[in-house]
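Undergrad: Sequence and predicted model, in that order:
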Amino acid sequence: MPELPEVETTRRGLAPLVVGKTIAAVAVRERRLRWPVQSSLPDRLQNQPVTALSRRGKYLLMSTTGGTLLLHLGMSGSLRYLAAPTHPSKHDHVDLNFSSGEVLRFNDPRRFGSLHFSTEPEQHWLLKHMGPEPLGPDFTGEYLWRASRRRRVGVKQFLMNARVVAGVGNIYANESLFRAGIHPTRPAGRISRERLDGLVREVRAVLKDAIRAGGTTLKDFVGGDGRPGYFQLSLDVYDRAGESCPRCDKPITARTIGQRATYYCSSCQR
DNA sequence: CGCTGACCCTGACGGC
DNA sequence: TGCCGTCAGGGTCAGC
């Protein structure tokens, strides 16, 4: 569900609500997430004031005076901010209880999400080898060109590798390759510098467009403010198998590449 | 080292 | 209506 624009939407919605508040207690009802939740995590966060809410790739980083909570939403995770605590329902795995009485609740049916505590988040094993931020200054055509030489893997899988660039997920990999006119299975190392410049431009543009639209709501994504995104209305190829290409009118192709649903126009993308 | 496929888990949906 | 197979936006890891 959540890719970078959805995580960023969540971050922007929640930041004004949690920064400056103090975590009174953490309730972990289900430890079996993507990685088992450290049993020390509640103690490490208890009584800590939240100083910032930031993002690295698809990870949310909640900074406190005593350390940082790394939170990943996985495929089905979501955060809801409750002014008044309600009885937790199914898949409500973790609550951050603030001293103000408000609650930040983590719900995740598939349990692919995760929570970690770290005093040095940038050095944490989950973040340490992560590539540049796609919206940051280090993600350039020059960088992508250097990183891709001699790589035979298809450019879509290459783009979705977090070591190459952080947080480009399936929807936006499909969309940016369409916009750039590049076929998803083309070997990454056999794309010209000029075309990689274009790809970088389109990755950035599609992510920015999606953030501006409040993310993509395919099923049930809502941001920190509880509102859905509407970027799904702007998707050119994702989930549009058989529909006509917005540029050439030929039908959109759907196939599985590397276990992920892939959509493209075989005429416009080469 | 690079790449492929298996795997983690629940829920929704379509076909019969 | 119910059962069953398939698929889903995440990521890591073993093994070749």
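TA: Noted; the coordinates are in hand.
Undergrad: Tell me how far whatever residue of the stretch 151-270 of chain A ends up closest to DNA strand C lies from DNA strand B.
TA: Nearest to DNA strand C in the stretch 151-270 of chain A, going by C-beta to the nearest atom of the strand, is residue A:169, at a distance of 1.8 Å. For glycine as for every other residue, the C-beta is placed from the backbone atoms N, C-alpha and C. Residue A:169 sits 14 Å away from DNA strand B, going by C-beta to the nearest atom of the strand, to the nearest Å.
Undergrad: Who are the contact partners of that residue?
TA: A:3-4, A:58, A:160 (C-beta atoms under 8 Å, 6 or more residues apart in numbering).
Undergrad: Residue numbers of chain A in contact with DNA strand C?
TA: A:1-3, A:6, A:34, A:57-58, A:72, A:74-75, A:110, A:112, A:126, A:160, A:162, A:167, A:169-171, A:216-221, A:256, A:259-261 (C-beta under 7 Å from any atom of the strand).
Undergrad: and the closest residue to residue A:108 other than its chain neighbours, what does it touch?
TA: Sequence neighbours aside, residue A:77 is the residue nearest to residue A:108 in space, at 3.9 Å (criterion: C-beta to C-beta, 6 or more residues apart in numbering). Neighbouring residues of residue A:77 by C-beta under 8 Å, 6+ apart: A:1-2, A:106-108, A:112-113.
Undergrad: please redo it, this time with the cut-off set to 7 Å
TA: Neighbouring residues of residue A:77 by C-beta atoms under 7 Å, 6 or more residues apart in numbering: A:2, A:106-108, A:113.
Undergrad: buried stuff in stretch A:29-45?
TA: A:33-34, A:37, A:41-42, A:44-45 (16 or more other C-beta atoms under 10 Å).
Undergrad: near DNA strand B, which of the residues you listed show up?
TA: Within the buried residues of stretch A:29-45, those near DNA strand B by C-beta under 7 Å from any atom of the strand are residue A:34.
Undergrad: Filter the residues of chain A next to DNA strand C down to the buried ones, PyMOL style.
TA: The PyMOL selection below is limited to those of the residues of chain A next to DNA strand C classed as buried (16+ other C-beta under 10 Å):
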select buried, chain A and resi 1+2+3+6+34+57+58+72+74+126+160+162+167+169+170+171+216+217+218+221
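Undergrad: ok, which residues in the stretch 1-150 of chain A are in contact with DNA strand B?
TA: So the stretch 1-150 of chain A meets DNA strand B at A:32, A:34, A:76, A:90-91, A:109-112 (C-beta under 7 Å from any atom of the strand).
Undergrad: and of those, the nearest to DNA strand C?
TA: Using C-beta to the nearest atom of the strand, those come closest to DNA strand C at residue A:112, 4.0 Å.
Undergrad: Identify the residue spatially nearest to the closest one, adjacent ones excluded.
TA: residue A:74 (3.0 Å).
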